[in-house]
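Student: Build the 3D model from these lines:
(one chain, ligands or ions: 2)
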Amino acid sequence: MKKIVICGRNDSGKSTILGELYRGLKSREYQPLAVGSGIQDEKPYILKGIDVTYLTIAIPEPGRDVVSDLERVISDHINKIKEKNRLIQHARRALDELNKVRSVLELGNLSQRDIPAIAALPDVVLIEAVGINDGYKAPECRQLADILLAVIPAGVKSEIIMEQGNILLDEADIIVVTKIDETPRDVASTTIKLLRRIYRHKPIISVVATQGIHLDLVLDEVVRRLHEPGYLLEQGQQKSQMLKVTSQSNVSPPA
Ligand SMILES: Nc1nc2c(ncn2[C@@H]2O[C@H](COP(=O)(O)OP(=O)(O)OP(=O)(O)O)[C@@H](O)[C@H]2O)c(=O)[nH]1
Ligand SMILES: [Mg+2]
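Tutor: Numbers count the residues shown, from 1 in each chain. Ligands and ions are numbered 1, 2, ... in the order given. Okay, here's the model as predicted:
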């Protein structure tokens, strides 16, 4: 199951984007599972319209990133959905049996209406990676993500973008620039120009996450990557090529 990891500094807009992607993916016939990183995420996610059946929380140990424990949390949650589905099926069968007896006794049927429908199993995971103090430097996010989305507020200081070792910006598949509505135009435009200069070949999408503006463009980029099986392979090959080139260029030429 493909994992979409949404990473970025505190307060950059990750949860807001996760909620928008959840809705967008649902409207395109996916069933996402949303993974938050603390109890505090639960209520806002529900308010964003995320169904509790498809909401789970991975609580990172202090100082550790949420990603390390994630595979377990995802499979536990899917097992819970499967178990609930099994119970629902049992309840339906049991009620059928009971109704057979009731009709023999001329007691009339009990309705199946109160028994919930079987839940579809999730087919894609949306993960908010928080608990990363320095925001753009957690390599585990890249290891975990099939699609890595880095969220950066338009008002971020240029020095932060220019800093060496911004792993998550360097490795991101998609960069989303948030809060363009509340950032002075010249500051936002400097941020976007700078990102475009450094990350020439990445999609860099500026959005007003709270109003869903341009989130359709982010969704298009995500769905394109989910859709094309060759795309992820190609990306992986490009990355390993890049690693080879980097490691070769680190080798000193013979004297
Ligand atoms: N004006 C404006 N506000 C935004 C935008 N995106 C997010 N916000 C607001 O910024 C605040 C933080 O948004 P969240 O989505 O909770 O950010 P986060 O990165 O998940 O935050 P943490 O999980 O606490 O690290 C909230 O008050 C949002 O409503 C945006 O594009 N424009
Ligand atoms: Mg959040």
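
Student: And the strands in this protein?
Tutor: Along the chain, counting by DSSP state E, strands occupy 2-8, 32-36, 55-57, 124-129, 147-153, 174-178, 204-206.

Student: For the fourth one, C-alpha coordinates in PDB please.
Tutor: Listed next in PDB are the C-alpha coordinates belonging to strand 124-129 (Å, rounded to 0.1, in the frame of the first residue of the first chain):
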ATOM      1  CA  VAL A 124      -3.400   4.300   0.400                       C
ATOM      2  CA  VAL A 125      -2.000   5.800   3.600                       C
ATOM      3  CA  LEU A 126      -1.600   9.500   4.400                       C
ATOM      4  CA  ILE A 127       0.900  10.200   7.200                       C
ATOM      5  CA  GLU A 128       1.600  13.400   9.000                       C
ATOM      6  CA  ALA A 129       5.200  13.300  10.100                       C
END
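
Student: So what's the residue count around the residue lying closest to Lys82 once chain neighbours are set aside?
Tutor: Leaving aside its sequence neighbours, Lys82 sits nearest to Leu121 (CB to CB, 6 or more residues apart in numbering; 7.2 Å). For every residue, glycine as well, the C-beta is placed using N, CA and C. Residues lying near Leu121 (other CB atoms under 10 Å) number 13.

Student: Just the pLDDT for Leu121.
Tutor: With respect to pLDDT, Leu121 scores 97.

Student: wait, what's in contact with it?
Tutor: Gln31, Ile78, Ile81, Lys82 (CB atoms under 8 Å, 6 or more residues apart in numbering).

Student: Over to Val223?
Tutor: Leu25, Arg28.

Student: need the helix or strand of this structure with the lowest average pLDDT.
Tutor: helix 229-250 (a mean of 55; mean pLDDT, DSSP states H and E).

Student: Can you tell me how far Ile192 is from ligand 2?
Tutor: 23 Å (CB to the ion, to the nearest Å).
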